[in-house]
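K.L.:
Give me a model of this one.
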Amino acid sequence: DGVYLQARMEPQAECMLVLIGATPEGRKELIGFQVGMRESAQSWHELLVDLKARGLTIAPQVATGDGALGFWKAIEEVWPRTCHQRCTVHKTANVLNKMPKVLQPAAKADLREIWTAPDRAAAEAAITKFVEKYGLKYDKAVTCLVKDRDALLTFYDYPAEHWEHLRTSNPIESVFATVRHRTVRTKGALSQDTARFMVFKLVTAAAKTWRKLNGENQLPKVIQGITFRDGVEVIETPAQNAA
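P.N.:
Model prediction:
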């Protein structure tokens, strides 16, 4: 995610590019952090290349983020085989912003039916229902949803225990809630340099209390390339192997 913070002595806010990863043991770690342009593919590209230089030579299995095109373009260049999962929290906000406020509570509940569906088929049916319900009058909202249809449902190809973590990049937003609280209490950092230092220290301190991913016992299977369908491991029968 890219998070903006404003320093008192600077004319505009800087964007902190942040990457949090999960180890094979299920631990969350801050793995990438630098200042850049949120929409800039070049800034994200530099951060991802830096990760490779520091030892992340094996491509991540899946990346979760919002709709910032720069990030997705950069990851295609650096790790073309990494799967894309679009953040459902950001997508919900983007869709609702294109609808009247009076309809937003009902539309939000309809969107939630998509993300919480028990399997991909049910999620696809919920998307179709949303399109039929709102498409005639609110085509911009519907277009915003369906253009990322596949990327929004990538999590179904991974263990069900991981869905909670994969659907959203909100852990980064949650961490930065602490950062924003501290910067508000101190009336903002004086300069961008002190802002960066404060952010780094607060995030690394918060990392000590991050809980492990659910279903860490499933992570080795994901790394080995075992197939999951609708959150369940696909076990081939002898007949299938013979075929």
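K.L.:
From here on, just use CA atoms for contacts and neighbour counts.
P.N.:
Fine.
K.L.:
low pLDDT regions in the protein?
P.N.:
5-13, 37-38, 175, 177-192, 195, 237-243 (pLDDT under 70).
K.L.:
let's see 50
P.N.:
Low-confidence segments of the chain, defined by pLDDT under 50: 9.
K.L.:
For this structure, just list every one of the strands.
P.N.:
Listed in chain order, the strands found in the chain under DSSP state E are 2-5, 14-22, 28-36, 62-65, 83-86, 228-229, 232-233.
K.L.:
need those strands in TSV with mean neighbour count and distance to residue 221, can you?
P.N.:
Shown next, in TSV, are these (neighbours: other Cα atoms under 10 Å; distance: least, Cα to Cα, whole Å):
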stretch	mean neighbour count	distance to residue 221
strand 2-5	18	30
strand 14-22	18	14
strand 28-36	17	18
strand 62-65	21	14
strand 83-86	22	16
strand 228-229	16	9
strand 232-233	16	9
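K.L.:
In a markdown table, list the ones you listed along with distance to residue 99.
P.N.:
Below are the strands of the chain laid out as a markdown table (distance: least, Cα to Cα, whole Å):
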| stretch | distance to residue 99 |
| --- | --- |
| strand 2-5 | 25 |
| strand 14-22 | 28 |
| strand 28-36 | 31 |
| strand 62-65 | 23 |
| strand 83-86 | 20 |
| strand 228-229 | 33 |
| strand 232-233 | 36 |
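K.L.:
out of those, which comes closest to residue 206?
P.N.:
strand 28-36 (10.0 Å; Cα to Cα).
K.L.:
Return the distance of the closest one from the chain's centre.
P.N.:
Distance of strand 28-36 from the chain centroid (Cα atoms, centre = their mean, to the nearest Å) equals 14 Å.
K.L.:
name the helices or strands packed onto that strand?
P.N.:
Counting contacts by 3 or more Cα pairs under 8 Å, 6 or more residues apart in numbering; DSSP states H and E, strand 28-36 packs against strand 14-22, helix 41-53, helix 192-207.
K.L.:
and with 6 Å instead?
P.N.:
Here strand 28-36 touches strand 14-22, going by 3 or more Cα pairs under 6 Å, 6 or more residues apart in numbering; DSSP states H and E.
K.L.:
Now do the contacts for the nearest residue to residue 216 once chain neighbours are set aside.
P.N.:
Excluding the flanking residues, the one nearest residue 216 by Cα to Cα, 6 or more residues apart in numbering is residue 26, at 4.9 Å. Contact partners of residue 26, counting by Cα atoms under 6 Å, 6 or more residues apart in numbering, are 212-213, 216.
K.L.:
So for stretch 213-225, what gets flagged as buried?
P.N.:
213-214, 216, 218-219, 221-222 (16 or more other Cα atoms under 10 Å).
K.L.:
Touching that stretch from outside, list them.
P.N.:
Stretch 213-225 is contacted from outside by 24, 26, 161, using Cα under 6 Å, 6+ apart.
K.L.:
what about the last one, neighbour count?
P.N.:
The number of residues packed near residue 161 is 16, by other Cα atoms under 10 Å.
K.L.:
Can you name the residues that contact it?
P.N.:
Here residue 161 is in contact with 214-215 (criterion: Cα under 6 Å, 6+ apart).
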